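In: Let's see this in three dimensions:
(one chain, ligands or ions: 2)
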Amino acid sequence: MTLILGIETSCDETAAAVVENGRTVHSSIVASQIAIHQKFGGVVPEVAARAHLQVIDAIVDEALAKAGVSLSAIDGIAITQGPGLIGALLVGIAYAKGLALASGIPLIPVNHVEAHVHGALLGLTQTTEELFPCLALVVSGGHSNIYFMKSPTEFELMAYSIDDACGESFDKVAKLFGLGYPGGPVLERLAREGDPKAIPMPRMMEQKDKLQFSYSGLKTFMVNLKNKQQLSEQDVKNAAAGFQEEALGQLVRKLETAHHLRSAQCLLVAGGVAANQRFRAMVKERLPRLPAYFPQLDYCSDNAAMIAALGYQHFAKDPKDPAFHRLDWDAFSRYQFS
Ligand code: KG4
Ligand code: ZN
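Out: Ligands and ions are numbered 1, 2, ... in the order given. Presented below is the predicted three-dimensional model:
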């Protein structure tokens, strides 16, 4: 049994978790800063970094206590190395380095976007051979990426956004309509009471073979819609439904293309947008032959269990890798952030 302590501070959640063998969560503690940033309508980087600093020690202690283990039982410390807000990342990285240095426990740097995929693997009982090769979609506030994965640590980028990320477009549209932050859940709620066909939406990136996402055109359409006319309450619900249908429809269209191009045993979907129930239904409807796994709701948005899970996979390849003991890597050099 390998126990990994994961630590995450890349954006507005301070999180720590203890995970066994990359799949079984013993504890997962998340301190969200949403209430702190809400009044600004988005995350303020400097405020985020300071808020991480205030709670990180207590959050790590709580994760260990809830798992019922002491630090000496931990085989590796996985830390989000990027991408993210640099001030926020540095708080977690400096903390984790200190912990590793003092305890002699190996330190495992983890890419946040790739780790999201492992959120979908938490709790699954299938073997690696039964799941891989697979397709993976990460749809968050910062990324809309499709990967082809030969193994749990091999991420071949197949599709990405040329402008806004999908979750970001939900946030911007919600802000435009004065609906608050984060925008995804509130737009999903409104969309349930709207007619998605009432307001025809522009179709983005329609060329089937083009594996790229774009959300700026859809956002501009919503800006014009809002500015051109007085919208009733029902109009706003219809606009939310139409927007959601196209924003998510684009993801499904590109998944269909990716599925056509690469043979995969399953699809892993992760990131904040994976919490959207309409999206879950759409994927099942439109890709009926590809088994799709979504994370439990707790593991869709940022958390440290996913960091520990991917950290485990890196560590398991070679637990004696001297890189885990050097502590000399910096926050920018090891990965190309995409
Ligand atoms: O993965 P995440 O928590 O943080 C990032 O790493 O970005 O994703 C947050 C994003 C936000 O843009 C939020 O609006 C979106 O996920 N989101 C949703 C839903 N819940 C969260 N988007 C659509 N529908 C939802 N139910
Ligand atoms: Zn994230």
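In: Okay, buried residues for the lengthiest helix in the chain please.
Out: Criterion DSSP state H: the longest helix present in the chain is helix 233-261. Residues of helix 233-261 classed as buried: 235-251, 253-255, 257-259 (neighbour count, 16 or more other C-beta atoms under 10 Å). Just so you know, the C-beta spots here come from the backbone N, C-alpha and C atoms, and that holds for glycine as well.
In: Mind checking the pLDDT average for it?
Out: Regarding helix 233-261, the rounded mean pLDDT is 97.
In: So which other helices or strands are in contact with it?
Out: Helix 233-261 sits against strand 134-139, strand 144-149, strand 156-161, helix 166-176, helix 183-191, strand 212-213, helix 216-228, helix 277-286, with contacts defined as 3 or more C-beta pairs under 8 Å, 6 or more residues apart in numbering; DSSP states H and E.
In: among those, which is nearest ligand 2?
Out: Ligand 2 lies closest to strand 134-139 among these, at 8.0 Å (C-beta to the ion).
In: does that closest one come close to ligand 2?
Out: No. Counting by C-beta under 5 Å from the ion, ligand 2 is not contacted by strand 134-139; separation bottoms out at 8.0 Å.
In: quick one: average confidence on that strand?
Out: Here the average pLDDT along strand 134-139 is 98.
In: So which elements touch the lowest-mean-pLDDT helix or strand in the chain?
Out: Using mean pLDDT, DSSP states H and E, helix 34-38 stands out as the lowest-scoring helix or strand of the chain, at a mean of 79. Counting contacts by 3+ C-beta pairs under 8 Å, 6+ apart, helix 34-38 is packed against helix 45-67.
In: average pLDDT across the helix it packs on?
Out: Taken as a whole, helix 45-67 has an average pLDDT of 94.
In: okay, now the closest residue in space to Gln313 that isn't next to it in sequence: neighbour count?
Out: Once flanking residues are discounted, Gln313 sits nearest to Pro152: 4.3 Å by C-beta to C-beta, 6 or more residues apart in numbering. Neighbourhood size, Pro152 [other C-beta atoms under 10 Å]: 22.
In: Then the one 5 residues further on?
Out: Using other C-beta under 10 Å, Leu157 has 13 other residues around it.
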